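# Predicted model, plus sequence, below.
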Amino acid sequence: MPPNRQAIPREQRVAEILDAALAEFLDVGFDTATMASIARRAGMTAPNVHYYFPTKEALFAGVTSRAYDRLFAALDDLDDPVERLRSYVTFHIEHHPMRAAVQAVAARSPEVAAVLERREAWAEATVDRVTRRELDRAVLVAAVTGLIEAVVPHPKPDAVLDRAVRLVR
C-alpha cells in the first residue's frame, strides 16, 4: 500500500473497493460480508470505504451496476441476439451465489432495484430481436428469467434456451 493513499486517483480507489466487495460477497454472501471485511480485503479502513459507499446496500448496488455495465458492454460486441442471451444466462449462472442477495437487497434498495429494472429492459430488448410476436416474446423472456433466477441452476441452460428459441421462431 502506498504511504499516501490520497495519491491514488478516486476511480482507482472505487475500483479497488468494488473488486474487494465482489470477492467478499461471492465468498461469504451479502449478509455475512461487512464493510470492515470488505475494507480489509481492499487494504483500507472501514471509514474509507464508507466515504465512498455510505451503506453496504449502496456498495452492493455499485458492485451489481458495474457488473452489468461490463456484461452489457461485452454483449454489445455480439451481433446474434441468441448468442447475447446465451452469454447473459452464462453470466448469471457464474454469479449464481449472488442471485438471492440481489433479489433480497433490491426489495429494500432503490439502487439495486434500478439495476434489476435495467437488466430486465435489456433482456426484453434482446428478445425483441429474436421474435416480434408478443406472446412469443413473453415466453422467451420467461424462459431466460427462469434460467437466471432458479434456486438451483439448470444442468443444461444452453439446451433450454435453444429449445425456447426454436419454439418462438
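Received the coordinates, thanks.

# Just give me the neighbour total for the nearest residue to V28 once chain neighbours are set aside.
Nearest residue to V28, sequence neighbours excluded (C-beta to C-beta, 6 or more residues apart in numbering): S37, at 7.5 Å. All C-beta spots, glycine's among them, are computed from the backbone N, C-alpha and C. S37 is flanked by 16 other residues according to other C-beta atoms under 10 Å.

# Just the element for S37, please.
Using DSSP states H and E, S37 sits in helix 35-42.

# packing partners for that helix?
Under the contact definition 3 or more C-beta pairs under 8 Å, 6 or more residues apart in numbering; DSSP states H and E, helix 35-42 sits against helix 10-28, helix 46-52, helix 56-75.

# what residues does the last one touch?
In other words, helix 56-75. Identification of contacts with helix 56-75 by C-beta atoms under 8 Å, 6 or more residues apart in numbering yields 14, 17-18, 21-22, 25, 30, 33-35, 38, 49, 53, 84, 87-88, 91, 95, 98, 101-102, 105, 108-109, 111-112, 114-115, 118-119, 122, 126.

# Could you point out the helix or strand that follows it?
Later in the chain than helix 56-75, the nearest helix or strand by DSSP H and E is helix 81-94.

# tell me how far that next one is from the chain's mean position?
Counting by C-alpha atoms, centre = their mean, to the nearest Å, helix 81-94 is centred 12 Å from the centre of its parent chain.

# the inter-axis angle of that helix versus helix 56-75?
150 degrees (axes from the mean of the first three to the mean of the last three C-alpha atoms, to 10 degrees).

# With only the CA atoms kept, save whatever helix or strand comes next after helix 81-94 in CSV.
Next in sequence after helix 81-94, counting helices and strands by DSSP H and E, comes helix 99-106. Extracted C-alpha coordinates of helix 99-106, given in CSV (Å, rounded to 0.1, in the frame of the first residue of the first chain):
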residue,chain,number,x,y,z
ARG,A,99,-28.7,-14.3,-7.1
ALA,A,100,-30.7,-14.5,-3.8
ALA,A,101,-28.9,-11.4,-2.4
VAL,A,102,-29.6,-9.3,-5.5
GLN,A,103,-33.4,-10.1,-5.2
ALA,A,104,-33.4,-9.6,-1.4
VAL,A,105,-31.5,-6.3,-1.4
ALA,A,106,-33.5,-5.0,-4.4
